[in-house]
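Chemist: from the sequence below, what's the structure:
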Amino acid sequence: MNEVMLVGRLCQGPKLAPTANGFSVLWFSLSVNDRKIGKPEVMEVMCLPRWEPLLQQAVITRQRIMVYGAIHTCEGLDPDAPGKHRFVRAGDVVLMDNGSGPGDRTGRRPIWTAQAKG
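Modeler: Prediction:
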């Protein structure tokens, strides 16, 4: 099963990009801590354009986001860097709250989500 859940902060604002079939997608970089190697890693994430307001808010407020999705490998994503590239295709994006609440030991609660339908 190819599922991943990442929590981190955006490295920069999302960028809208057209696809070959005429649709648009948002691309952004997410900085996460890799516990296996003990240092930060940057993951490229692709999601639907409707998440742009949530991602712009995360950039402004420096809030963490949680991304649920699947890891993909594809060639030809970056013309400046030929070869295979790894990225996450987001199925759900959640803006995290840094405050703590009752029953929340981590202090990180989802406060806004834009979930994909069907």
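
Chemist: going forward, measure contacts and count neighbours with C-alpha atoms only.
Modeler: OK.

Chemist: all helices for this protein, in order.
Modeler: Under the criterion DSSP state H, the chain contains helices at 52-61.

Chemist: so where's it uncertain?
Modeler: Along the chain, the parts satisfying pLDDT under 70 run over 1, 76-81, 97-118.

Chemist: which residues in it form strands?
Modeler: Along the chain, counting by DSSP state E, strands occupy 4-10, 15-18, 24-34, 39-47, 65-75, 84-97, 109-115.

Chemist: with just CA atoms, put the longest one into CSV.
Modeler: So that's strand 84-97. The C-alpha trace of strand 84-97 is given here as CSV (Å, rounded to 0.1, in the frame of the first residue of the first chain):
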residue,chain,number,x,y,z
LYS,A,84,13.4,10.5,-12.1
HIS,A,85,11.8,12.7,-9.4
ARG,A,86,10.0,11.7,-6.3
PHE,A,87,6.9,13.6,-5.2
VAL,A,88,3.7,13.2,-3.1
ARG,A,89,0.3,13.5,-4.8
ALA,A,90,-1.9,14.9,-2.0
GLY,A,91,-5.3,13.4,-1.4
ASP,A,92,-6.0,15.7,1.6
VAL,A,93,-4.3,18.7,3.1
VAL,A,94,-4.9,19.9,6.7
LEU,A,95,-3.9,23.1,8.4
MET,A,96,-2.6,22.4,11.9
ASP,A,97,-3.3,24.4,15.1
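
Chemist: give me the sheet partners of that strand and which way each runs.
Modeler: Applying DSSP bridges, strand 84-97 is found paired with strand 39-47 (parallel), strand 65-75 (antiparallel), strand 109-115 (antiparallel).

Chemist: can you check the second one too?
Modeler: Within its sheet, and counting by DSSP bridges, strand 15-18 is paired with strand 24-34 (antiparallel).
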